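*Asks:* What follows is a predicted protein model with its sequence.
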Amino acid sequence: MTFNNLGLIQPILEALEEKGYTQPTPIQEQAIPILLKRRDLLGCAQTGTGKTAAFAIPIIQLIEQNKDDQAGKRKVKALVVTPTRELAIQIGENFTAYCKHTRLRNTVIFGGVKQGAQTNALRGGVDILVATPGRLLDLIQQGYITLKHIEYFVLDEADQMLDMGFIHDIKKILAKLPKERQSLFFSATMPKNIVALSREILGNYDKVTIQPEQATAERVEQAICYVAKKDKPALLVHLIHDKNPESTLVFSRTKHGADKIVRKLSKANITAAAIHGNKSQNQRQRALGDFKKGKLNVLVATDIAARGIDVSQLELVINYDLPNVAETYVHRIGRTGRASASGESISFCDIDEKAYLKDIQKLIGQHIPVIEDHPYPDDGTQLPSKPGSNQRNNNNRNRNKNNRHRNRSRNR
């Protein structure tokens with residue numbers, strides 16, 4: 001199967017050839033024919049499987065083939081809503097590449113920056129709009145955007161959208177969309193709340209669920225280093241010097257932790273940058289751009305900021321902090337195991353994180369090999385990082401529980 005077998009128009013085939021695409025991924029092979037028939041679609045596939053092209057290519061073709069040649073301002077015909085700025089920019093870049101030989105225009109809008117450049121692009125007229133929910137609703141309220149001409153609506157990374165608390169914004173957007181439209185709903189996971197939301201968005205729909213021959217967690221070479229929390233900075237420096245990868249993505253659980261890791265690396269003469277919600281959009285884009293271009297070898301990120309990081313041939317992912325949600329681990333290591341590529345992931349685990357590791361191994365159905373011959377081994381016999389922390393945590397939980405009961409009593 002090649003893209004030539006999918007009934008795509010020549011301008012799109014030329015763009016795909018220039019991108020080096022020859023064979024569609026499974027989700028592209030299944031989704032594109034459905035969408036070209038103007039069917040609604042519920043798509044479920046792991047990160048790194050080519051979802052963006054699966055919905056972008058047919059949308060471009062449908063708009064291009066039915067474009068009104070009459071003079072006048074372009075109307076927004078397609079809307080893609082996605083949770084983060086980085087992901088919105090990445091999707092916009094893909095649309096630009098696939099649209100290269102067509103007459104279509106697309107733009108991206110997101111918060112965290114001044115709106116002037118975005119509103120100027122909208123004034124010029126666009127066919128395809130990629131947006132984060134907050135900025136989209138803001139510019140609708142200001143009168144810069146109308147959704148009454150939307151023919152194609154995509155909700156991407158729906159599970160992440162709900163995790164970030166965007167459900168009310170999504171429902172406001174849905175209320176502004178025409179009832180007659182083609183709707184596409186993509187999510188990496190399908191818990192009950194996602195299924196319920198999909199029923200609100202989709203009409204009579206087809207479903208594509210991709211179970212890859214090798215799950216992300218199987219394609220990526222994984223390892224665990226047991227290490228005391230205090231020794232994590234030194235171990236990180238050791239691994240970067242020892243492996244000397246061209247590109248390393250380090251995951252921190254917190255924004256403050258990401259900045260601290262960058263400072264520790266700087267003291268060891270390792271140049272790194274952090275991206276997280278407290279950084280300005282310009283800072284985030286500069287760091288991500290330098291990382292993609294190879295000007296920066298180490299990028300430290302929080303989970304939300306890392307959505308949208310798509311770096312070809314990313315060599316190494318290091319989980320400096322294990323995530324407390326097992327599914328997040330799969331998303332993290334999937335940054336290196338893109339599409340059919342392999343990759344490497346090393347995770348640090350201190351004694352306070354062993355429960356997280358147990359949940360991760362249960363989810364992926366694998367026992368992650370342990371690296372024992374590193375300079376800072378920890379046999380796991382030490383006390384939790386803060387003596388008495390478990391007792392304090394129990395006390396805090398009891399206090400919080402009592403406070404909730406008191407608040408309920410006041411509100412009755």
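*Replies:* That came in fine, so what should we check first? From a predicted model like this one, the values you see are computed outputs, not experimental measurements.

*Asks:* Over stretch 114-122, what's the mean pLDDT, rounded is fine.
*Replies:* In this model, stretch 114-122 has an average pLDDT of 95.

*Asks:* for this protein, what spans make up the strands?
*Replies:* 40-44, 78-81, 106-109, 128-131, 152-155, 182-187, 205-209, 220-226, 248-251, 272-275, 298-301, 316-319, 343-349 (DSSP state E).

*Asks:* how many neighbours does the residue nearest to F291 when sequence neighbours are not counted have?
*Replies:* Of all residues not flanking F291 in the chain, L299 sits nearest, at 4.4 Å (Cβ to Cβ, 6 or more residues apart in numbering). C-beta coordinates here come from the backbone N, C-alpha and C atoms, glycine included. By the other Cβ atoms under 10 Å criterion, the neighbourhood of L299 contains 27 residues.

*Asks:* Dig out what L299 forms beta bridges with.
*Replies:* In this entry, L299 is beta-bridged to L249, A273, by DSSP bridges.

*Asks:* got a list of what it touches?
*Replies:* 247-250, 272-275, 287-288, 291, 309 (Cβ atoms under 8 Å, 6 or more residues apart in numbering).

*Asks:* Quick check: the two most widely separated of those?
*Replies:* Based on Cβ to Cβ, the longest span within the contacts of L299 runs between S247 and A274 and measures 15.4 Å.

*Asks:* Of these two, give the one with the bigger neighbour count.
*Replies:* Legend: neighbour count by other Cβ under 10 Å for S247 and A274, higher for A274 (26 against 19).

*Asks:* any idea how far D206 is from the residue nearest to F291?
*Replies:* Going from L299 to D206 by Cβ to Cβ, to the nearest Å gives 38 Å.

*Asks:* before we move on, back to that, relative to E17, which of the strands of the chain is closest?
*Replies:* strand 106-109 (20.1 Å).

*Asks:* Paired strands for that closest one, with orientation please.
*Replies:* strand 128-131 (parallel).

*Asks:* is it true that I210 touches A31?
*Replies:* No: look at I210 against A31 with Cβ atoms under 8 Å: they stay out of range, at 9.2 Å.

*Asks:* any residues in contact with both of these two?
*Replies:* G43.

*Asks:* Between the two, point out the one with more neighbours.
*Replies:* Taking other Cβ under 10 Å, I210 and A31 do not tie; A31 has more neighbours (28 against 19).

*Asks:* From A196, how far out is that one?
*Replies:* 22 Å.

*Asks:* Likewise for C225?
*Replies:* As judged by Cβ to Cβ, C225 and A196 stand 40 Å apart.

*Asks:* Between the two, which is the more surrounded one?
*Replies:* C225 (24 against 9).

*Asks:* Give the buried subset of the contacts of L299 as a ChimeraX selection command.
*Replies:* Buried residues within the contacts of L299, by 16 or more other Cβ atoms under 10 Å, are selected in ChimeraX with:
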select :247,248,249,250,272,273,274,275,287,288,291,309
